[in-house]
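Peer 1: Make a model of this:
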Amino acid sequence: MATETMNYGYPKPGEDDFYDINQYNQAMEMIDEDIKEMDEEKQDNLGIGAFKGNIDMLGENGLPQTSSVCWCQAKDLQGVLPYESQNDYCFTLETNATLDNQTASERSQRAIVYGEDGVRIFERLFADGEWCNWRELLCTDGDTKNNIVTFQSGDMENPTEWVDIDPVQSNEKHSSLWRKISLGIKNLRYLKKMLGSTDISKLGDGTITGALSALNTGMKDNSSVATSSTNGMMSASDKRKLDGIATNANNYTHPTSHAANIINQDATHRFVTDTEKSNWNGKAAANHSHSYLPLTGGTVTGKITVQNYVDVGAYAVNFGADAYIFRNGYRTKGDVSIDSASGNVGVSTGGFYVHDRTSIGWAPVYASSFSQQSSKRYKENFSDVAPKDAAKLLKLVPKRFDYISGEKNQSGFIAEDVEEFFPEICSYQEDSVTGQRKLFGIDYSKFAPYIIKLLQMQEERITKLENSNG
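Peer 2: So this is what the prediction gives:
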């Protein structure tokens, strides 16, 4: 009777079975297919050399060595890398396993990464059927600025007592050292809090020693009241001098008025009557010969600085032959317009905003066309739009919405959704209070290159399908 092999189930005839060559060929085909599948799963290029594949699988599934060293490039690998980075990087990888060809064999890996900042070393261990996280090792000549220390902090923002700190010992752990440092900072906060206080009982042992103690003692000895015969806060001699001064001897009262004859009048110093003062205040501006600007008319040739706003009804500002600014009914029905003879209106690099004086209400802008600088004279670093970037358009979801300022039944995109795929299309504003850069809007015109690229990709695909269908 025909049976099957124990492990892989290959057919084999019994002693009394009729030998069928087709059954033999079928068994050979099954063996050949299984060997091919195992060979495809086997990792290549172990030992000294380059490796492309899943680094999590090194040391199992048919790998012949208990240890291997290979050269790796991050972009060509699968599995968990030593660290995630948008930039490609290279490293040597050493894998050590306790048993050959065992899936659950305990093993370890060490990666030595070579980069612009120098050499970085990472290690991880495979135990209990899974890989542990990569951990970076610190070189003896390495920089610890990015290291993290976990410890129990004793610092607090508003300490209420002084704490004792044990001496720093040699070979002490970082967590213990930073615990003591945090307690020292807490004591500094408490000392600052107590400066100027008359109560020193909570500082240390409640005493002040050294120079401060001597100063305090000297002040305490002189705290008594001085008399004409005993020193105190002042000497007895000074006290006797003060006692000899009559009451109110140094009291001075300024007179409320002066007689006219006590002032010698001349060409530059004289009295003026209220009538003369009134006449001077009533002089018209046109009667002045100085260079002050009159109430009406006049020309200003220098710079004018206004610290607050200027509230006017209607005005026109002439900047010369190039441009005017009009308000309320001169050249337009709008509130403000800019009229330029040469067609040039200067706007600062921060952008030109048209809104209804609120943070969310914006007014429409009308024009026959809008143009952007597009000549290659103004550009550099040319490259084609990548198909994968154009395909991101398909991930955007058009929305219907209402503006909070009042515009209803609108359509478009949400800037936060677009920013995830096309940050270069989004615009930002700086918060005038916090100074933070906040997402503001979308420049829809910048969708055009991606749309055209996507159309070209679709046209190319349609053409290929038409050609293949004959």
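Peer 1: any idea how far Gly115 is from Pro82?
Peer 2: Per C-beta to C-beta, to the nearest Å, Gly115 is found 11 Å from Pro82. The way it works is simple: take the backbone N, C-alpha and C, and place the C-beta from them, glycine included.
Peer 1: More neighbours: those two, which one.
Peer 2: Pro82 (24 against 12; other C-beta atoms under 10 Å).
Peer 1: contacting residues for the more buried one?
Peer 2: 91, 111, 113, 120, 122, 134, 136 (C-beta atoms under 8 Å, 6 or more residues apart in numbering).
Peer 1: Skipping adjacent residues, who's closest to it in space?
Peer 2: Phe122 (3.9 Å; C-beta to C-beta, 6 or more residues apart in numbering).
Peer 1: ok, Ile452 to Pro294 distance?
Peer 2: Counting by C-beta to C-beta - Ile452 and Pro294 are separated by 62 Å.
Peer 1: contacting residues around stretch 265-283?
Peer 2: Taking C-beta under 8 Å, 6+ apart as the rule, stretch 265-283 contacts 260, 263.
Peer 1: any idea of the mean pLDDT for it?
Peer 2: The pLDDT scores in stretch 265-283 average 80.
Peer 1: Then stretch 56-70?
Peer 2: pLDDT averaged over stretch 56-70 gives 69.
Peer 1: and what of stretch 401-408?
Peer 2: Rounded mean pLDDT across stretch 401-408 is 87.
Peer 1: send the alpha carbons of it over as PDB?
Peer 2: Only the C-alpha atoms of stretch 401-408 are listed here, as PDB (Å, rounded to 0.1, in the frame of the first residue of the first chain):
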ATOM      1  CA  PHE A 401     -18.200  73.800   4.100                       C
ATOM      2  CA  ASP A 402     -19.300  77.200   5.400                       C
ATOM      3  CA  TYR A 403     -16.900  80.000   6.400                       C
ATOM      4  CA  ILE A 404     -17.400  81.200  10.000                       C
ATOM      5  CA  SER A 405     -17.300  84.800   8.800                       C
ATOM      6  CA  GLY A 406     -20.500  84.200   6.800                       C
ATOM      7  CA  GLU A 407     -19.700  82.700   3.400                       C
ATOM      8  CA  LYS A 408     -21.900  79.600   2.900                       C
END
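Peer 1: Turn the buried ones among the contacts of Pro82 into a named PyMOL selection, would you?
Peer 2: Filtering the contacts of Pro82 down to the buried ones (16 or more other C-beta atoms under 10 Å) takes a single PyMOL command:
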select buried, resi 91+111+113+120+122+136
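Peer 1: So for Ser229, what's the nearest residue that isn't a sequence neighbour?
Peer 2: Ala236 is the one closest to Ser229 (C-beta to C-beta, 6+ apart), at 5.5 Å.
Peer 1: and if you look at Thr144?
Peer 2: Leu138 (6.6 Å).
Peer 1: From Lys145, how far off is the one you found?
Peer 2: 11 Å.
Peer 1: who has more neighbours, these two?
Peer 2: Leu138 (11 against 5).
Peer 1: Please verify my assumption that the more buried one contacts Val149.
Peer 2: No - with contact defined as C-beta atoms under 8 Å, Leu138 does not count as touching Val149 (11.8 Å).
Peer 1: Closest one to Phe413 out of the contacts of Pro82, please.
Peer 2: Trp134 (39.0 Å; C-beta to C-beta).
Peer 1: before we move on, the earlier item: strands - which of the contacts of Pro82 land there?
Peer 2: Those of the contacts of Pro82 mapping onto strands are 91, 111, 113, 120, 122, 136, per DSSP state E.
Peer 1: okay if I get those residues as a markdown table plus distance to Ala249 and pLDDT?
Peer 2: Formatted as a markdown table, those follow (distance: C-beta to C-beta, whole Å; pLDDT from 0 to 100):
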| residue | distance to Ala249 | pLDDT |
| --- | --- | --- |
| Phe91 | 93 | 92 |
| Ala111 | 92 | 94 |
| Val113 | 89 | 92 |
| Arg120 | 85 | 87 |
| Phe122 | 88 | 93 |
| Glu136 | 83 | 88 |
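Peer 1: Now the two most distant members of the residues you listed.
Peer 2: Across these (C-beta to C-beta), the longest gap, 12.2 Å, separates Phe91 and Glu136.
Peer 1: got a pLDDT number for Lys220?
Peer 2: pLDDT at Lys220 comes out at 50.
Peer 1: how far is the longest strand seen in the chain from where the chain is centred?
Peer 2: In the chain, assigned by DSSP E, the strand with the most residues is strand 67-78. Centroid separation for strand 67-78 versus its chain: 34 Å, with C-alpha atoms, centre = their mean, to the nearest Å.
Peer 1: what's it packed up against?
Peer 2: strand 50-54, strand 90-97 (3 or more C-beta pairs under 8 Å, 6 or more residues apart in numbering; DSSP states H and E).
Peer 1: just flag whichever of the ones you listed has the lowest average confidence.
Peer 2: When I compare the helices and strands packed on strand 67-78, strand 50-54 is least confident, with a mean of 85.
Peer 1: any idea of the mean pLDDT in stretch 33-43?
Peer 2: Averaging pLDDT along stretch 33-43 gives 62.
Peer 1: same check, this time on stretch 382-395
Peer 2: Here the average pLDDT along stretch 382-395 is 92.
Peer 1: Could you number the chain from 50 rather than 1 from now on?
Peer 2: That works, and once the first residue is 50, the last one we named lands at stretch 431-444.
Peer 1: can you pull the buried residues of that stretch?
Peer 2: Neighbour counts over stretch 431-444 (16+ other C-beta under 10 Å) mark Ala439 as buried.
Peer 1: Not counting its own residues, what contacts it?
Peer 2: Contacts of stretch 431-444 (C-beta under 8 Å, 6+ apart): 425, 470-471, 496, 498-500, 502-503, 506.
Peer 1: Low-confidence regions, the stretch 150-299 of the chain specifically.
Peer 2: Along the stretch 150-299 of the chain, the parts satisfying pLDDT under 70 run over 150-154, 166, 188-191, 195, 245-273.
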